Every structure is written in C-alpha cells, then in structure tokens.
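In: from the sequence below, what's the structure:
(2 chains)
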There are 2 protein chains.
Amino acid sequence: MAKSQKKQPRPKAETPKGFRDYFGADVTERKAMLDRIAEIYHRHGFDPLETSAVETVEALGKFLPDVDRPNAGVFAWQEEAVPGGGSGDWLALRYDLTAPLARVAAQFRNDLPSPYRRYAMGPVWRNEKPGPGRFRQFYQCDADTVGSASVAADAEICAMLADALEAVGINRGDYIVRINNRKVLNGVLEAAQVEGGDKADDVLRTIDKFDKVGRDGVLALLTTGRKDASGAEIEGVGLRPDQAEPVLAFLTSKGASNAETLANLRSAVGDSAIGAEGVDELAQIAAMLDAMGVGGDRAIIDPSVVRGLGYYTGPVFEAELTFEILDEKGRKRQFGSVAGGGRYDGLVERFTGQKVPATGVSIGVDRLLAALRAKGLAGEAQIGPVVVTVMDRDRMPDYQAMVAELRNAGIRAEVYLGNPKNFGNQLKYADKRRAPVAVIQGGDEAERGVVQIKDLVLGARIAAEASLEEWKAQPAQTEVARSELVAEVRRILG
Amino acid sequence: MAKSQKKQPRPKAETPKGFRDYFGADVTERKAMLDRIAEIYHRHGFDPLETSAVETVEALGKFLPDVDRPNAGVFAWQEEAVPGGGSGDWLALRYDLTAPLARVAAQFRNDLPSPYRRYAMGPVWRNEKPGPGRFRQFYQCDADTVGSASVAADAEICAMLADALEAVGINRGDYIVRINNRKVLNGVLEAAQVEGGDKADDVLRTIDKFDKVGRDGVLALLTTGRKDASGAEIEGVGLRPDQAEPVLAFLTSKGASNAETLANLRSAVGDSAIGAEGVDELAQIAAMLDAMGVGGDRAIIDPSVVRGLGYYTGPVFEAELTFEILDEKGRKRQFGSVAGGGRYDGLVERFTGQKVPATGVSIGVDRLLAALRAKGLAGEAQIGPVVVTVMDRDRMPDYQAMVAELRNAGIRAEVYLGNPKNFGNQLKYADKRRAPVAVIQGGDEAERGVVQIKDLVLGARIAAEASLEEWKAQPAQTEVARSELVAEVRRILG
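Out: Got it, this is the predicted structure:
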C-alpha cells in the first residue's frame, strides 16, 4: 500500500513535564484546608488579595545576568511590539506571592490601609528542572503585614500560625512555632568580631549546618575545618576559638523556658547594641504571645532555628510538626517544617525608594496537606474587624490580650499596628477598615480596670442624622469593665 | 552637578496591561459564589478537576497558520532545548477549561469513570488586545459530562444550571434556561435544500442576526439582501423564498408550551431524518426536565437561541437572567446571558482517534457575579454519590425523577449515563464512583411500585467477612416502596 498520504500526527495527551493535574479529593481537601486557614486569617483581620498570575519581568525583579534569556527561573515571554512603540514588555508567571505583594503595596499604597494585612493563596510557577516530587507549578499560602515596624506584627503572625495549624486539625502538642531573630545573630557576629562581608556569609553558611554536624562540627568548621564523612577535608572559616564561642553560645542557648533562653542570648551577644535590640524584640514577642494565651507548648523562642536567617532582617519563625511519621524506608522521623517566615525590608523600596517594613509567613500547602493525610482527618462576613487602638505602645501586650479574647470568642479583631502616636490616624484607620467597633484603653482606663467601646456604626449614624436629645440618649461610646469587653462588643455587633 | 552616575531606574509598580488584581470582597464574594455552585455540582455527582495552568501548545490544539508566532491568541513560550534532544516544546497558558479537559479525558481515559462528570473553576488566559472590560486573565466555571451520548446528560446539565443559579441567590422567575438543538437546524437546512458547505455557513451567519434584524430582516438576508441602517447594501444568501421558509419557521417556532414548540419544529424540519432526530431529542429533554421537577418557569425549549449553534453538534443551552437592570445610560434592559453550553464531539478524538461524545456548560463568572451585585445579595463530604442504575433506557425520566428527589433531600446522587446494556458495567461504575448505595428499578419493580436499594458499603463488608448467618440476617439489598426511596437511602447513609 502506498504510504504517500501524510497524516497530521495526533497530539500527545500529556501533562507538560513537571506539571500535574489534581482530581476530586485532591482539589477538595486542599480547598477545605485553605478555607479553614483563610477563616483564621480573616478573623485576625487579614484581607484576601488575588493578584494576576502574570507580572512584568521588571516588576518581578528578576534582573538576571543572562539578558538574552530573562526566563531563567521564571516562565517568561515577550509581548508583541507595539506599532511604532519599540519592543514589547517581557511578561512572566509569578514565582512566589511576595513579589506581587510588593508590586501591589507600591502600586496601591494610597488606597490600602496601612499597615496592610493580606493573605494570598494560589499557584506559583518555577522554571526549574522537574524531578521526583519537584513540580513547576505549586500552591503557596502567605500572610503578610506590610507597613508595621512593630514586632507585635511578628508575634501576631506567630500566634495566627499556631491557630491556623489547629484549625486545619493539627492537635496542640503536635506542632511548635519556633522563633529566632536575625538581629541577635548580628549581635553575635559583632561579639565574635566578624563584621559583615564574606566572613559573615561564611559563618551564616556554617551555622546552617548545625542541624547536621552539631556543636562540635560547627566549632571545627568555624575554626580550622574538619573531615566530612567521606574523609574529604572541609576548610574552616578561620575564626579563633574565642571568636567561635559567641556563635556556639547563640546556637545552643535554648533553655527550659523563654526566660532562660533570653538570659543565655543576652550573654551570647555581649556588649553588642544590635544584639541587645534583637534580644529585646524576642522578649517582647515572648511577652505578647503569653498575653495572647499562646503558651510555650505552641510557640517558643528557639535560637537553633537558622533557616531563613540569611534572608530575613529581624524575627524569623518556623512551624514544625513534631509528631512522628514513617519515612520511605519505614524509619520513624519527625514530620518537620510546614511553614516559615520572618521580617524583611526593601519590599516596596525597589519601587518607591521608601523603606517599608514587612513581616509574613508562608505555609507549605502541599507539605501541610500531606501531614493532614498522614494523621488521617468553610464561611465569612462582610464587615470589618473590631479595631483595638493603641494608646500606650508599652502596653501592647494588654491590647493583644484584648484581640486574642475577641478572636477566641469568634469575633474578628485586630490591634492597630501603625505608629500609634497620632490617635486621629488610628480612628481614620478603623474607618478605612470599616471597623464596627473600636476599643480604647488609655493609662487612666487601665488603672481603673475599664475599656472604652466605640460603636462606629451607631456613631456614624448619629453624626449624620441624630438630634441632640437622641445623641444624649444613645451614646456611641460606653465604658465597661475590662472583664466585660467581649460581652459588650458582642452586644454591639448583635 | 555631574550626571555621570547612572542609576538603575526603579521598576514601575503596575499590573500588566489587560490584567487586574482582586482585593478583599472581590475575592471572597466570587469564592462564596463558586463554593455554592460547586456544592450544587458536587451534589449532582460532578467531581472537581484542577489541571495545570500550562499545556503544551500541541495539546491545546492551537495550530495557527503563523508558525513563527504560535502565541497568537495564547501566551506561549518555548522550553529550553534538551541537550542533544532538539528544540524545546512550546508551552502555553490554557485559554479555556475545555481543551485541558480534552487532554485529561484522553490521557487518563483508563483511570477515569466513564461517563466522567467533572467541574472546573479557575483562571484562563487570552493573549488579546486589552480593552475596557476586556481582560487577558479571567475566571471560568465549567461542568461537563464526557462519554455519554444520551441527551439525559444534557437535560441534567440544564437542570443543574437552574439549581446553581438558585443556589447563588437568583430567584425563580429571574432566570430562564433556554434549550435548542443543532440537529433541528440541520434538519431545517435539509428542508431548505441547503446542503452543508459555504451556503450553510452563510445561513448560520444570517440566523445569528435574528436578534437584531428580526424575521423580515432575516428573510431579506436569506434571499436577495437588504439595506442596513447606514443605507449600505448587504448581499443576500440567494435562497428562494420557499427555501428561506423552513429557516424562518425554525426561528419563530416557539409556542406557549414545549409541546406547541415541538409541534412547530416538527413541521419546520419537514421530512428530514436528522431534523426529526433533533426534535425527538428536544422532546426527551423536555420530558426529563419535567420528571426532575424543572418546570417551564425554569427551563424551556426555545428555537430562537442561536448562539453556539455553529459550534455545537446537538443540544445547545443558554441561561439568561430576565430581571431588568439599568445600563450605563440609565435605560432599563434585561441582564441577559450568564451561561451557555451544549453537546460537542471530537473532544478526545484529536488525541485518540476515538469519537467521545460530551456535553457541558460554562458559567460566565464575572457576569454572574455582577448580576448578584446588581441584585444586592459553601461544603462537601468524601463519599461517592448514590448511583441510580438504568434498567430500561426508555424510562430515563423515572430514574432522573429519583435522583432529583434524592438531591432535593440533600443527598448526592446521579443516574448512570453510560450505555446501560451491560448491568455489570453499571455496578462496576458504582464501585469506581465509591457509591455507598445503588438504586435499581426494572420493569417488574416499576409495575409493582417498588425500588431495590443496594447498600454497597455493607455489601462489600459482608462479601469480605460475614458468615452465612450474618449474611442472611443483614441483607445488603432491600426492596422498598418507590415512595420510601429517599427515607431508605437516608437510613442507609446514616
């Protein structure tokens, strides 16, 4: 038979290499998990943000050395040339949810509340070589607070992370949020007389091996070097033993309580000012967690957390699942990390030139889902959160105790995280947030054990239409005993 | 001052042209709407599917004439060359949810239940010139049944669409699902002695103008032509008036009831066999909707629906919102179409060479959301649907009445839509679906007014472990009165 007739070959029915499809329960289980997390995030005052999947390469900040191939690491393509307008823009799929947040925070800085709390859930794309368990499209689930320099934002995110893990079904005792601080490490480097530059990077790389090689291994690597398992000689960083000492003290300073850990850290940073600042921040975070009712069984100061210390600029946190699973070889091992985050600068600065402090956390969606499966195991309203204002920044733990109480009672609430100096700004903020209620407690109220509760909805109505008599009969602001806070807010919310 | 220092210009913080970001309620309102729709789809036995956003250009089927630029219409890029393996694949972002379904249905044809009911919700991307209200990334929400040639699948989708609209808050009376059939049009073309080819395409293009130019306009365009509003002469298709007659009869055959409409259509198609087949299909759909309790106030046969008739191969449906809104100019107008779909062939054939019939519907997510806003206005379990088996394909309306009852009682249920000839295949299907219960009613049971209810979970347990005594004491199949169907299924499901 003649083979002359050339047929169009059939296309292959294949998911592109490194990509995958989700069927049935794969979709619904992840969604249910994310719904529960979103509910927690929502209750904490975070708003959802869904940016476009596509960004300009310029905005993503992937200015790669190989200018002919701007798609290394990202999936990128060039727009068609605009007639008479030169070559088209390079566009790319987002590779994480932080770069789009930076773009949005800069682009909409005049429209967004500040601080801006947002959560985002969705796929991201990486142009990497696919491998077993390594996919080129995967989900991320992030929560960030942009525009607050206060470590209260960090403490809140740590507490929220613990709540989110419980909301998806992880039992208390089966997870722990560990908190460290890059500033403490900077202090330690100062105490070790290692000032910035390559040597500091070498130290950072070395402490990253603490998990694997332990105290003595790190000591050897920081000083004269050591032989690895294969017998190969690993060069040391070249510190003197007395220089290595503060680093080791830092890594091993975890005590039986946060207080003990903090005391150890204070000794590790010696006279370093930045180190002392870092330890102070951790102490504040510890106090705030305590005030929010988040005990040491849920979140602790742990200087052995080193992941991300090279990237973040302040507090660093990591959530680990502590229950044991059987690995591929049938050996018991801890499940390990499912979320991490910390404080970072320069997020918006690239775009605007202004430094905007930010902190956030990212949950490993696939890992957490795998954990839920290993352990065998959705709604929203359209009204803003209750805003607890800050009259006295030293009493932030008190304010966070209030929001924690409100949240535990199922009421969406947040503490003001901007600069509390100008009280008018806080009320403007509450208005922008469409807060139904603002909670106020100055030093005088604190002494008398009361809080002021401002009914913003009623207040707006009275301001708009009430007569003097009505205004007197229906005060939009009431003073109640501190112990009546939740009951009174609930009464107002109806 | 010297301008010698060249600074890296700051990137622009801008959403790429034609793309947009969704904030807060934009995200949560769409999600809540999609959650409600998903719940309806789920209850009807549809499983979620989330394919990768990226497909090979080959699989998408965008074989465009301009081979140097395969990205016309889609966002596409070429993979890096594989070392020693020639040039890399072209990849692209999906432009709809149907092409990926085709790929999946072919790729996983041995693993998926057949017929395969799936729903999908997610963004799609179009490389088009952006304009006001025209975006390059937008949401689609599709439900399709692949592998069923029965118009019961079409009727089910029409009923489900009506349920979905009510679930998101559209009141009965504020929407209507209109149903037409391409086969009837083919019959009309036959009756008009217009056999396929260019002339048929001309007729199709002309009837598409029925909404705008009306009966007389279409008559003129089908025959000798007419002058448009600007006075320009529009050439006619060149039919004789007696040829145009069946086309006009088709377009205007809608009567006061489905029965009247069907009678008009029967007369319009004359002796055409395909036309008679099309009218029969519509008559079956009308009977099944009736059996499912979907009255003429929710779904009707309406031959004036011409949108999509050129694309689909059988039944075509469109959901319109009939309440009035004010347009940009303050004039009252009906909200209009929010969903459309129909039956199509060749979905999987491109990949496998096998014809696989399919039918589906796509909801315009942004439009429906806009409608909900104009009118001022979420859960799942992990067990398969109740499967109502088909013993007698002529009594499909009876079986659909059963699933409708079950669904109205909140029980996930589906009727078997494959070829019912081999009953063993239906039970295998129920097994694959992890159905907890199968419902069976043969001619004998129908006469006696009873149904057989098979407890598949108990059945599996008895088969695996029960003794003869236990087996006798605990029959896994029971016969109940037809009126007891829901109560008995509910009892078994616990």
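
In: tell me how far the ends of stretch A:138-155 are from each other?
Out: 28 Å (Cα to Cα, to the nearest Å).

In: avg pLDDT for that stretch?
Out: Mean pLDDT, stretch A:138-155: 89.

In: list the buried ones in it?
Out: A:139-155 (16 or more other Cβ atoms under 10 Å in any protein chain shown). Where you see a C-beta, it was placed from the backbone N, CA and C, and this is true even at glycine.

In: before we move on, what about stretch A:346-366?
Out: Counting neighbours by 16+ other Cβ under 10 Å, stretch A:346-366 gives A:347-348, A:350-351, A:356-365 as buried.

In: same question for stretch A:437-445.
Out: Of the residues in stretch A:437-445, those scored as buried under the neighbour-count criterion (16+ other Cβ under 10 Å) are A:V437, A:A438, A:V439, A:I440, A:Q441.

In: list the contacts for the first one?
Out: When the contact criterion is Cβ atoms under 8 Å, 6 or more residues apart in numbering or on different chains, the partners of A:V437 are A:V386, A:V387, A:I453, A:K454, A:D455, A:L456, A:V489, A:I492, A:L493.

In: in chain A, which helix or strand is least confident?
Out: Counting by mean pLDDT, DSSP states H and E, the weakest-scoring helix or strand in chain A turns out to be helix A:468-473, with a mean of 62.

In: so what's the residue in the stretch 301-450 of chain A that chain B sits nearest to up against?
Out: Nearest residue of the stretch 301-450 of chain A to chain B: A:F351, at 4.2 Å (Cβ to the nearest Cβ). Contacts here follow Cβ under 8 Å, 6+ apart; on that basis A:F351 touches A:A59, A:A102, A:R103, A:A106, A:Q107, B:R10, B:P11, B:K12, B:A13.

In: distance of the third one from A:A120?
Out: When you say that, I think you mean A:R103. Plainly put, A:R103 is 12 Å away from A:A120 if you go by Cβ to Cβ, to the nearest Å.

In: quick one: common contacting residues for these two?
Out: Common neighbours of A:R103 and A:A120 (criterion: Cβ under 8 Å, 6+ apart): A:T51.

In: circling back to that earlier point, reformat the contacts of A:V437 as CSV; add distance to chain B, secondary structure and pLDDT.
Out: Supplementary listing: those in CSV, determined by distance: Cβ to the nearest Cβ, whole Å; DSSP: H, G, I helix; E, B strand; the rest coil; pLDDT from 0 to 100:
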residue, distance to chain B, secondary structure, pLDDT
A:V386, 17, strand, 86
A:V387, 16, strand, 85
A:I453, 25, strand, 93
A:K454, 23, strand, 91
A:D455, 22, strand, 91
A:L456, 18, helix, 86
A:V489, 22, helix, 92
A:I492, 22, helix, 90
A:L493, 18, helix, 88
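
In: not counting sequence-adjacent ones, nearest residue to A:V348?
Out: Take A:V348 and drop its neighbours on the chain: the residue closest to it by Cβ to Cβ, 6 or more residues apart in numbering or on different chains is A:V356, 4.0 Å away.

In: doesn't the one you found lie inside a strand?
Out: No. Looking at A:V356 with DSSP: H, G, I helix; E, B strand; the rest coil, it is coil, so not inside a strand.

In: which residues of the stretch 101-250 of chain A fall in strands?
Out: The residue ranges that make up the strands of the stretch 101-250 of chain A, judged by DSSP state E, counting those that start in this stretch, are A:116-125, A:137-146, A:175-181, A:225-227, A:233-235.

In: domain boundaries for chain A, per the record?
Out: Here the domain assignment for chain A is A:54-93, A:381-494, based on automatic domain parsing.

In: and those, which one is worst for confidence?
Out: Between the domains of chain A, the lowest average pLDDT goes to domain A:54-93, which shows a mean of 75.

In: say whether chain B is contacted by that domain.
Out: Yes. In terms of Cβ under 8 Å from any Cβ of the partner chain, part of domain A:54-93 sits within range of chain B, namely A:54-56, A:58-59, A:61, A:71, A:75-77, A:89, A:91, A:93.
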